[in-house]
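**Q** task: produce atomic coordinates for the following.
(one chain, ligands or ions: 1)
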Amino acid sequence: MAAQRGEFRSRLGFILAAAGSAVGLGNIWGFPTQAASNGGGAFLFTYLVLAFALAYPALMAELLIGRHTHRNMSQALGALPHHNGLKRIGMLTGIGGLVTASLILSFYGIVAGWMMGFATSYPLAAIGLTQSADWLITFSTPRNLTLTGVFMALTMSVVMGGVEDGIERWSRRLMPILIATLVVLSLYVLTLDGAMKGLSIYLRPDFSKILSGDLLIDALGSAFFSLSLGVGTMLIYGSYLSDNEHVPSVGAQVALLDVGIAVLAGFLILPAMYVADVRGVAIFNAAGGLLSEDTLIFSVLPALFDTMDTVGLWLATAFFVLMSIAALTSSISMLEVPVAYLIERHGLSRRRATLLAGTSIGAFSGLIALNFERLFGLVITISTRYGQPLLGIVVCLFAGWLWQRDALLAELKKNDAAAEQRWFWKIWPLYVKWVCPVIISVILVRSIL
Ligand code: PHE
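**A** Residues are numbered from 1 along each chain as shown. Below you'll find the predicted structure:
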């Protein structure tokens, strides 16, 4: 059985695939816009602390459990405890992860479709096809359904290729393009008038906001969402990792890349807003706060690009291509969660599993698109604000309490004979046992109350 499973061909392939999952709309859109409306540097600071203190240990829990069991989340969590009741809880948690990953993909696919629509509309407008260009960027149900369908088909075609020839190959191709585009765009925007003001707002922390419950839960949600935690994506990628790799260090590289790219995106988005301000584009709402979320990406930035003529055309296209790539490398990891389960638990071929999972999730996206006002925000809140941290707690509890110490140590020793002497072994097991579940629960309960 294990021989039939996919395995990443190289360490770099794994790191780019896992970072590809992690780096997505959450980093380039979610993080900077939340920072913009949550006290700039205060949010950045809180996010960094939570990412390293809570999200990285939780990421390690998923990667290690995956690598240890070489199974999907449901079978992996079912395999850790000895007690039958606990096994069942583990399997159900895995199904919860699968459902949450699918819910995330169902709204993510809609937003990714918008990104692709904007990416193609600029070149179309430039060659005179203004009607089609307008259709692509104007909110309508037919547009949402069409673009989501195209994006889901793309996602399915990559996942159908399997771990090495689909996920790894495309991550290796797309991630370098993504990073290079982001660096070039940020450097260019930083040379423009007004950029420094945005930069100072991004970096200057308003510490009075740090203790507000909203900031904490937003930053926690952001860190969990950004590292793709709780839903079994990192677990399944970990399960395709070779036993020769040192998980704590590849995990750290993935976390650093993810956080680094979120922070870098802040160097693009916030300065761009103040460049737009200098050029007369409205960037504040009626209450005096910075415009954020969809208004920022789909009106402020396009208005900014419009002030730049031909350069604007290139910048706009590059920016939305960047967003589309970021979305694709994440969405393939979400789809891989149900696909791996259907293959391993129900014996489906990869092709059938991808078709079944992809079309079901696509159909649910369609339902959201048809009831946009009612469902879109609701699905986001349920899956990311509550679902991910809650599942994250259970994964930490399984890793901390139900995974026998000897077995864990043996796992770490697979590629590091001195694992027992490392700080990781001294700190992490206690940390996932106590610190992660308690702090995540406190933040979660505060946000619910
Ligand atoms: N990490 C992705 C992002 O930042 C989103 C994601 C969440 C991907 C959960 C997989 C699983 O956009």
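
**Q** what is the burial count for V278?
**A** 16 (other CB atoms under 10 Å). The way it works is simple: take the backbone N, C-alpha and C, and place the C-beta from them, glycine included.

**Q** what sits closest to it if chain neighbours are left out?
**A** Nearest non-adjacent residue to V278, counting by CB to CB, 6 or more residues apart in numbering: G194, 3.5 Å away.

**Q** which residues touch the residue in the stretch 101-250 of the chain that the ligand sits nearest to?
**A** The ligand sits closest to S228 of the stretch 101-250 of the chain, with a gap of 3.4 Å, by CB to the nearest ligand atom. By CB atoms under 8 Å, 6 or more residues apart in numbering, the contact set of S228 is S21, A22, G24, M234, S330, S333, M334.

**Q** hang on, the earlier thing: ok, the residue nearest to V278 to K433 distance?
**A** Using CB to CB, to the nearest Å, G194 is found at 49 Å from K433.

**Q** now the helices for the stretch 51-200 of the chain?
**A** With DSSP state H, counting those that start in this stretch as the criterion, the stretch 51-200 of the chain has helices at 56-69, 73-79, 84-126, 130-137, 141-160, 162, 169-190, 195-203.

**Q** for L192, give me phi and psi.
**A** Main-chain dihedrals, L192, degrees, to the nearest 10: phi -90, psi 160.

**Q** leaving out sequence neighbours, find the closest residue to it.
**A** Per CB to CB, 6+ apart, closest to L192 is V275, 4.5 Å.

**Q** what helix or strand is the residue of the stretch 301-449 of the chain found nearest the ligand located in?
**A** Closest contact between the stretch 301-449 of the chain and the ligand, by CB to the nearest ligand atom, is at S330 (4.2 Å). In this assignment (DSSP states H and E), S330 forms part of helix 309-346.

**Q** counting neighbours, what do you get for A327?
**A** So A327, with other CB under 10 Å, has 27 neighbours.

**Q** same thing with the one 3 residues further on?
**A** Using other CB under 10 Å, S330 is surrounded by 27 other residues.

**Q** list the contacts for the residue lying closest to the residue of the stretch 301-449 of the chain closest to the ligand once chain neighbours are set aside?
**A** Nearest non-adjacent residue to S330, counting by CB to CB, 6+ apart: G24, 3.3 Å away. Neighbouring residues of G24 by CB under 8 Å, 6+ apart: Y108, S226, S228, A326, A327, T329, S330, S331.

**Q** ok, 6 Å please
**A** When contacts are counted by CB atoms under 6 Å, 6 or more residues apart in numbering, G24 is found next to A326, A327, S330.

**Q** how about the nearest residue to the first one, chain neighbours excluded?
**A** Okay, so that is A326. In space, A326 is closest to G24, 4.9 Å off (CB to CB, 6+ apart).

**Q** now the one you found: phi and psi?
**A** According to degrees, to the nearest 10, G24 has phi -150, psi -150.

**Q** measure it to L264 for me?
**A** 14 Å.

**Q** quick one on the thing from earlier: if I read this right, the residue nearest to L192 contacts A195, doesn't it?
**A** Yes: counting by CB atoms under 6 Å, A195 is a contact partner of V275 at 5.4 Å.

**Q** re the thing from before, just the mean pLDDT for the helix holding S330, thanks.
**A** Average pLDDT, helix 309-346: 96.

**Q** what residues sit buried inside that helix?
**A** 312-313, 315-345 (16 or more other CB atoms under 10 Å).

**Q** what packs against it?
**A** helix 11-22, helix 84-126, helix 141-160, helix 169-190, helix 233-239, helix 301-306, helix 350-370 (3 or more CB pairs under 6 Å, 6 or more residues apart in numbering; DSSP states H and E).

**Q** what's the offset of the second one from the middle of its chain?
**A** So that's helix 84-126. 9 Å (CA atoms, centre = their mean, to the nearest Å).

**Q** so that helix, near the ligand or not?
**A** Yes: contact of helix 84-126 with the ligand (CB under 6 Å from any ligand atom) involves A101, I104.

**Q** quick one: that helix to helix 309-346, angle?
**A** Orientation note: helix 84-126 sits at an angle of 150 degrees relative to helix 309-346 (axes from the mean of the first three to the mean of the last three CA atoms, to 10 degrees).

**Q** tell me the most buried of the helices and strands packed on helix 309-346?
**A** helix 233-239 (a mean of 29; mean count of other CB atoms under 10 Å).

**Q** give me the contact list for that helix.
**A** Counting by CB under 6 Å, 6+ apart, 18, 21, 59, 62-63, 65-67, 70-73, 228, 333, 336-337, 340 sit against helix 233-239.

**Q** and that helix, average pLDDT?
**A** In the prediction, helix 233-239 has an average pLDDT of 97.

**Q** can you give me how far the next helix-or-strand element following it is from the chain middle?
**A** Using DSSP H and E, the helix or strand that follows helix 233-239 in sequence is helix 247-278. Here helix 247-278 shows a centroid-to-chain-centroid distance of 13 Å under the convention CA atoms, centre = their mean.

**Q** can you point out the buried residues in helix 247-278?
**A** 247-248, 250-252, 254-255, 257-259, 261-278.

**Q** correct me, but V259 touches A51?
**A** Yes: applying CB under 6 Å, one finds V259 in contact with A51, separated by 5.0 Å.

**Q** for the stretch 201-350 of the chain, which residues are neighbours of the ligand?
**A** Residues of the stretch 201-350 of the chain lying near the ligand (CB under 6 Å from any ligand atom): F225, S226, S228, V231, T233, S330, S333, M334.

**Q** pLDDT score for the residue of the chain most remote from its centre?
**A** Farthest-out residue of the chain from its mean C-alpha position, per CA atoms, centre = their mean: G128, at 35.7 Å. Note for G128: predicted pLDDT of 96.

**Q** quick one: it from F224, how far?
**A** For G128 relative to F224 (CB to CB), the value is 45 Å.
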